[in-house]
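Asker: Could you work out the structure for the sequence below:
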Amino acid sequence: MSAVSTRPAARVGIGGPVGSGKTALVERLIPALMRRGVDLAVITNDLVTAEDAERVRRSGLIDPARVAAVEAGACPHTVIREDPTLNIEAAAALERQFPGVELILLESGGDNLASTFSRDLTDFWMFVIDVAGGDDIPRKRGPGVIRSDLLVVNKVDLAPYVGVDLPRMLAEARAVRGGRPVLTTNCRTGEGVDAIVQQLEREVLFRQ
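Answerer: Take a look at the predicted model:
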């Protein structure tokens, strides 16, 4: 039997506006990462409920005990940026309960374009926007769009129906991000999720 790793789990933040598809992305990432043998846990953040955590627990994709919920009780920015203590404690508790865990996904509560993660909390963070939110989002240059390690543009299938010029939106996103990666997804079908997993394997898990 191989020894259980004693290294701290890598922590990946997932933020973005309400309805952009953060929880849907988590639900796609779980089986994709587990198929690659990644020992995984999840933390969700909500204002005063555990709704997102309960959704993930009910999904059947992961042992419900591996899903923790943090209730911010205030602006969702607070517990992922200003004072991430609650999330740090939740991550530490998951590591104690599951000593082999390699990766913890931390989903932020839905917020606006100003949402960012503390580097004390996450090793890597991605920001999820969706085309239905408007193709002017990159031009607004919010911190999440500009500073995240990975920008995910979700619901690309909706572009023709909401009057979005997707190639222009992506070009503008890449321009404001100064070379940081931009990936597209349709979390309803799973399109583009493998590319995110590959990015995490390279940049977070350091797998070749």
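Asker: you'd agree Leu151 is in a strand?
Answerer: Yes: judged by DSSP: H, G, I helix; E, B strand; the rest coil, Leu151 forms part of a strand.
Asker: give me the number of residues near the residue nearest to it when sequence neighbours are not counted?
Answerer: Nearest in space to Leu151, with sequence neighbours left out and distances taken as C-beta to C-beta, 6 or more residues apart in numbering, is Val182 at 4.7 Å. In short, each C-beta sits where N, CA and C put it, glycine included. Look at Val182: counted by other C-beta atoms under 10 Å, it has 21 neighbours.
Asker: Need the pLDDT of Val182.
Answerer: Per-residue confidence (pLDDT) for Val182: 98.
Asker: That one and Val38, how far apart?
Answerer: According to C-beta to C-beta, to the nearest Å, Val182 and Val38 sit 23 Å apart.
Asker: again with Pro181
Answerer: Per C-beta to C-beta, Pro181 is found 20 Å from Val38.
Asker: Quick check: what element follows the lowest-mean-pLDDT helix or strand in the chain along the chain?
Answerer: Across the helices and strands of the chain, the lowest-confidence element by mean pLDDT, DSSP states H and E is helix 77, at a mean of 78. Using DSSP states H and E, the helix or strand that follows helix 77 in sequence is helix 85-97.
Asker: Could you double-check that the residue nearest to Leu151 lies in contact with Ser148?
Answerer: No: if you go by C-beta atoms under 8 Å, Val182 and Ser148 don't touch, sitting 9.8 Å apart.
Asker: Compare Pro181 and Val38 (neighbour count), which wins?
Answerer: Neighbour count, other C-beta under 10 Å: between Pro181 and Val38, Val38 has more, with 20 against 16.
Asker: I'd assumed Glu102 was in contact with the more buried one.
Answerer: Yes: using C-beta under 8 Å, Val38 makes contact with Glu102 at a distance of 5.6 Å.
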